[in-house]
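Asks: Below are the sequence and a predicted model for it; my questions follow.
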Amino acid sequence: QLQQQNSPAAAAAAAGAHAQSTIRGCAATSDLPAGSNVISLPAKLLITYKTAAESDFGRVLTKIGLDPDTLAVVWTMVERWDEEATARPFWQALPEQFNTGLSVPEPLVDLLKGTPIYAEMASARQHIRQQFQDLQQAFKVLLTAYPTHLQESWFNLNSYMWAVELWYAYAIQVKFPDGTIQAALAPFVSLLNHSPWPHIVHFSTVDPKTRQLNLTTFRPV
């Protein structure tokens, strides 16, 4: 709940939505005029491809030749289980499944037959599963090299799909002070991204002076 965070990471203007079941999100506790600052998130809390690549495990993945996208996914598959991970509260707060078009049961996908989205979804699902198969040798190498640190259950299809969907559904594009635009997982920010309108991926830039990602309202809330 953002209102309860005694940290500059969360502005007091927003609070965790209280709802039954597994509904997640943030709701304003007061009217917010356009231009209001909703969240100020320290840049060090952002999780990027660079975060993954520059970690100890990320360096191992780089050596075995994984591309940046795949490296971030495989790193996430392991990092989410690290009890000492800096982002552990974030990992623990995420849903156990995302139920995007990549992982919903096949019978539900079949209901879309005859629509433009069906072919696109079927192709994407097949692509992800093929990628998983292509990684089997890399997974075997990692499990053999680090038997006391890695668990086989971390490398199954469900775990891979979870990590892929996390980056697909939650990552936003952030401009950093060095001018680069990077995909980033931003704690708290995903709780605001539950509009029924098109998925929002462009939010803001990291302020070069404060090193904060500031999210402001574009219209009254």
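Replies: Ah, there it is. Numbers count the residues shown, from 1 in each chain.

Asks: can you map out the helices along this protein?
Replies: 49-53, 56-63, 68-79, 88-93, 106-110, 116-134, 136-145, 157-170 (DSSP state H).

Asks: Out of these, which gets nearest to residue 210?
Replies: Residue 210 lies closest to helix 49-53 among those, at 19.6 Å (Cβ to Cβ). The way it works is simple: take the backbone N, C-alpha and C, and place the C-beta from them, glycine included.

Asks: Now find how far off-centre the closest one is within its chain.
Replies: Distance of helix 49-53 from the chain centroid (Cα atoms, centre = their mean, to the nearest Å) equals 13 Å.

Asks: for the helices of the chain, which one ends up most surrounded?
Replies: Ranked by mean neighbour count, those are led by helix 68-79 with a mean of 22 (mean count of other Cβ atoms under 10 Å).

Asks: Could you report the neighbour count for the residue lying closest to residue 221 once chain neighbours are set aside?
Replies: Once flanking residues are discounted, residue 221 sits nearest to residue 32: 4.2 Å by Cβ to Cβ, 6 or more residues apart in numbering. Neighbour count of residue 32, defined by other Cβ atoms under 10 Å: 18.

Asks: Now for residue 32: which residues touch it?
Replies: Listed by Cβ atoms under 8 Å, 6 or more residues apart in numbering, the contact set of residue 32 reads 13, 38, 217, 220, 221.

Asks: now do residue 155
Replies: Shown here is residue 155, whose contacts under the criterion Cβ under 8 Å, 6+ apart are 77, 139, 142, 143.

Asks: Closest one to residue 124 out of these, please.
Replies: Residue 124 has its nearest neighbour among the contacts of residue 155 in residue 77, at 19.1 Å by Cβ to Cβ.

Asks: what residues are up against residue 152?
Replies: Applying Cβ under 8 Å, 6+ apart to residue 152 gives the contacts residue 143.

Asks: Could you list the low-pLDDT ranges of this protein?
Replies: When residues are selected by pLDDT under 70, those of the chain lie in 1-25, 193-203.

Asks: give me that answer again for 80
Replies: Applying pLDDT under 80 to the chain picks out residues 1-28, 190-204, 218, 221.

Asks: ok, back up a step: I'd like the contacts of residue 155 as JSON lines, with distance to residue 116 appended.
Replies: Below are those laid out as JSON lines (distance: Cβ to Cβ, whole Å):
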{"residue": "77", "distance to residue 116": "32"}
{"residue": "139", "distance to residue 116": "35"}
{"residue": "142", "distance to residue 116": "39"}
{"residue": "143", "distance to residue 116": "41"}
